[in-house]
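# Okay, predicted coordinates and the sequence, questions at the end:
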Amino acid sequence: MRLLIVGTLKGQLSIATKMAVDKGAAVTNAEDIETALRVMRAKGADLVMVDVAMDVRALVQAFADEMIAVPVVACGTSNDARAAVAAIHAGAKEYIPLPPDPELIAAVLAAVADDAKQLIYRDEAMARVVQLANQVAGSDASILITGESGTGKEVLARYVHNKSNRAKAPFVAVNCAAIPDNLLESELFGHEKGAFTGAVARRIGKFEEANGGTLLLDEISEMDIRLQSKLLRAIQERVIDRVGGTRPVPVDIRILATSNRTLAEEVRKGTFREDLLYRLNVVNLKLPPLRERPADILELAGHFAKKYAEANGMQPRPLSAEARRQLTVARWPGNVRELENTMHRAVLLSSGPEIGVDAIRTPDGSRLDERRGPDQVAAQAAIAAEAVTRGLVGRTVADVERDLILDTLGHTLGNRTHAANILGISIRTLRNKLNQYADEGHAITPPPQGEARYEARYG
């Protein structure tokens with residue numbers, strides 16, 4: 001655990017630092033935002049704690065401007081509710097009053113790493129994957145983790161890291177689908193000051209940040225093929241070249257990669273390098289979809305019910321018999337991510353001593369057992385298709401494409417990755433289209449709150 005504390009905290013800094021160190025964290029202190037940025041560029045952090053008296057919004061925005069993804073927790077020396085609310089609105093994940101309570105500090109640090117260490121399963125299909133993961137975790141072999149979106153690929157990657165000889169070193173994840181092509185090279189390999197417009201200082205890339213530990217390349221299939229050649233050299237030679245740099249930089253890392261696409265098919269299409277696939281796919285861990293591991297459904301549902309009850313200050317409650325039945329017969333096209341979101345809603349919506357079936361609802365508010373059957377879906381689809389066909393006459397291809405993309409994005413409630421999968425296009429293509437439509441003045445459905453976090457964990 002790498003902790004960055006920003007600000008003076010009015011003398012409470014040393015106390016908070018000592019508590020964090022006692023809990024096993026490596027702590028760095030920064031007095032201001034610029035220093036904090038230099039620390040993040042140089043070596044990164046897993047958690048940032050910031051004095052609420054500082055400009056929390058400016059800190060969060062500065063991280064966002066440089067594509068630095070890290071949870072920020074605000075701390076204050078008073079129990080000022082308005083300051084706490086303002087910090088949360090500014091982008092902080094939590095507010096901690098000071099002087100710090102040892103148990104609270106421990107809980108915050110544990111919360112950051114907790115999900116990474118948990119692997120909840122009971123089904124035999126999942127047990128076989130975990131057995132193979134345990135078998136190869138101790139090696140330095142590259143591993144390709146595949147499976148549908150939401151099956152828990154990053155969770156498994158973190159599990160492998162925690163079981164490896166590099167467990168005490170950094171685990172750094174890069175979502176290749178979430179970073180524009182022109183920034184991904186700098187994100188991975190770093191850059192020197194003045195390497196390009198906006199490069200106001202040297203920045204260490206994810207390869208150097210993960211030195212000694214594990215680097216996860218999430219959704220590797222979305223990486224531009226031109227950058228894949230540079231990645232191949234880095235994996236083979238264990239050296240990287242910073243953008244604008246003049247000398248190679250050696251790195252000692254283990255590479256894990258994930259994809260919800262079939263990379264062999266991407267090779268046939270010419271969008272993925274075959275030699276890179278061989279380098280990454282020394283071992284393949286294929287996660288089965290949730291519908292093929294039914295014994296895991298209730299195990300995970302119980303785990304999420306307890307987790308979100310505690311997170312919302314509520315007493316954990318068991319699932320009713322009817323609720324359990326509904327959960328086990330559902331198809332879960334969104335896999336573990338969908339189940340987690342469903343249980344989060346259920347905890348908030350339920351009343352009484354049990355979580356009843358009425359609380360098990362889809363995002364649009366309907367119950368799981370109110371989902372339409374195959375015959376109803378087919379009939380509705382035929383009617384919709386006929387109406388759409390009539391509405392296409394006299395319109396340009398560009399107009400139809402725009403409406404299809406925007407309607408699909410609305411259908412997914414702004415989830416870019418899900419929309420791209422439905423449309424059969426890459427997230428990169430979708431992003432470019434949305435930028436074009438935004439420039440043209442069209443309204444774009446914003447991404448749902450928490451999407452990036454869930455995708456990182458269950459991508």
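Structure's in. What do you need?
# With just CA atoms, put whichever helix or strand Val39 is part of into CSV.
Val39 is part of helix 33-42 when elements are defined by DSSP states H and E. This file holds the C-alpha atoms of helix 33-42, laid out as CSV (Å, rounded to 0.1, in the frame of the first residue of the first chain):
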residue,chain,number,x,y,z
ILE,A,33,-0.8,20.2,-5.0
GLU,A,34,2.2,20.7,-7.2
THR,A,35,4.4,18.6,-4.9
ALA,A,36,1.7,15.9,-4.9
LEU,A,37,1.7,15.9,-8.7
ARG,A,38,5.4,15.4,-8.7
VAL,A,39,5.1,12.5,-6.4
MET,A,40,2.4,10.9,-8.5
ARG,A,41,4.4,11.4,-11.7
ALA,A,42,7.5,9.9,-10.1
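# Do me a favour and average the pLDDT over it.
In this model, helix 33-42 carries a mean pLDDT of 84.
# do the same with stretch 140-153
Here stretch 140-153 scores 94 as its mean pLDDT.
# Ok, stretch 270-290 next?
95.
# Specify which residues of the stretch 251-400 of the chain, grouped into ranges, have pLDDT under the cut-off.
Applying pLDDT under 70 to the stretch 251-400 of the chain flags the ranges 369-395.
# Can you show me the strands along it?
With DSSP state E, counting those that start in this stretch as the criterion, the stretch 251-400 of the chain has strands at 254-259, 283-286.
# In a markdown table, list those along with mean neighbour count.
C-beta coordinates here come from the backbone N, C-alpha and C atoms, glycine included. What follows is the strands of the stretch 251-400 of the chain, written out as a markdown table (neighbours: other C-beta atoms under 10 Å):
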| stretch | mean neighbour count |
| --- | --- |
| strand 254-259 | 26 |
| strand 283-286 | 16 |
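# Just after the helix holding Val39, pick out the following helix or strand.
Downstream of helix 33-42, the first helix or strand assigned by DSSP H and E is strand 47-51.
# Next, the angle helix 33-42 makes with that following strand.
Angle, strand 47-51 to helix 33-42, by axes from the mean of the first three to the mean of the last three C-alpha atoms, to 10 degrees: 170 degrees.
# Against which helices or strands is strand 47-51 packed?
strand 2-6, helix 56-65, strand 72-76, helix 102-117 (3 or more C-beta pairs under 8 Å, 6 or more residues apart in numbering; DSSP states H and E).
# That one pairs with which strands?
strand 2-6 (parallel), strand 72-76 (parallel) (DSSP bridges).
# got the angle for it vs helix 56-65?
Here strand 47-51 points in a direction 150 degrees away from that of helix 56-65 (the same axes, to 10 degrees).
# Could I get the full set of helices for the stretch 251-400 of the chain?
Taking DSSP state H, counting those that start in this stretch, the helices of the stretch 251-400 of the chain run over residues 263-269, 274-280, 295-311, 321-329, 335-349, 374-392, 397-411.
# Quick one: closest of the ones you listed to Val160.
helix 274-280 (13.9 Å; C-beta to C-beta).
# And that closest one, what's buried?
By 16 or more other C-beta atoms under 10 Å, the buried positions in helix 274-280 come out as 276-277, 279-280.
# Of the strands paired with strand 47-51, which is nearest Met314?
strand 72-76 (21.7 Å).
# Now the element after the closest one, going C-ward?
Downstream of strand 72-76, the first helix or strand assigned by DSSP H and E is helix 81-89.
# following that next one, which helix or strand comes up?
strand 94-97.
# Counting by contacts, list what that following strand packs against.
strand 72-76, helix 81-89, helix 102-117.
# Parallel or antiparallel, which strands does it pair with?
Sheet pairing for strand 94-97, assigned by DSSP bridges, gives strand 72-76 (parallel).
# who's in contact with the partner strand?
7, 9, 12, 16, 47-53, 56, 59-60, 63, 83-84, 87-88, 90-98, 100, 108 (C-beta atoms under 8 Å, 6 or more residues apart in numbering).
# got the angle between it and helix 81-89?
170 degrees.
# roughly how far out does strand 72-76 sit from the chain middle?
Distance, stretch centre to chain centre, for strand 72-76: 22 Å (C-alpha atoms, centre = their mean, to the nearest Å).
# Over to stretch 85-100?
For stretch 85-100, the distance to the chain centre is 22 Å (C-alpha atoms, centre = their mean).
# Sort out which residues of it are buried, please.
Applying 16+ other C-beta under 10 Å to stretch 85-100 flags 86-87, 90-98, 100 as buried.
# now could you export just the CA positions of that stretch as CSV?
What follows is stretch 85-100, C-alpha atoms only, in CSV (Å, rounded to 0.1, in the frame of the first residue of the first chain):
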residue,chain,number,x,y,z
VAL,A,85,-20.0,17.5,2.3
ALA,A,86,-18.0,20.0,0.3
ALA,A,87,-15.0,17.6,0.1
ILE,A,88,-17.2,14.8,-1.1
HIS,A,89,-18.8,17.1,-3.7
ALA,A,90,-15.3,18.1,-4.8
GLY,A,91,-14.5,14.5,-5.7
ALA,A,92,-13.2,13.0,-2.4
LYS,A,93,-14.3,9.4,-1.8
GLU,A,94,-14.6,9.8,2.0
TYR,A,95,-14.0,12.3,4.9
ILE,A,96,-12.1,11.4,8.0
PRO,A,97,-12.2,13.6,11.1
LEU,A,98,-8.9,14.2,13.0
PRO,A,99,-7.2,13.5,15.4
PRO,A,100,-7.4,10.1,13.6
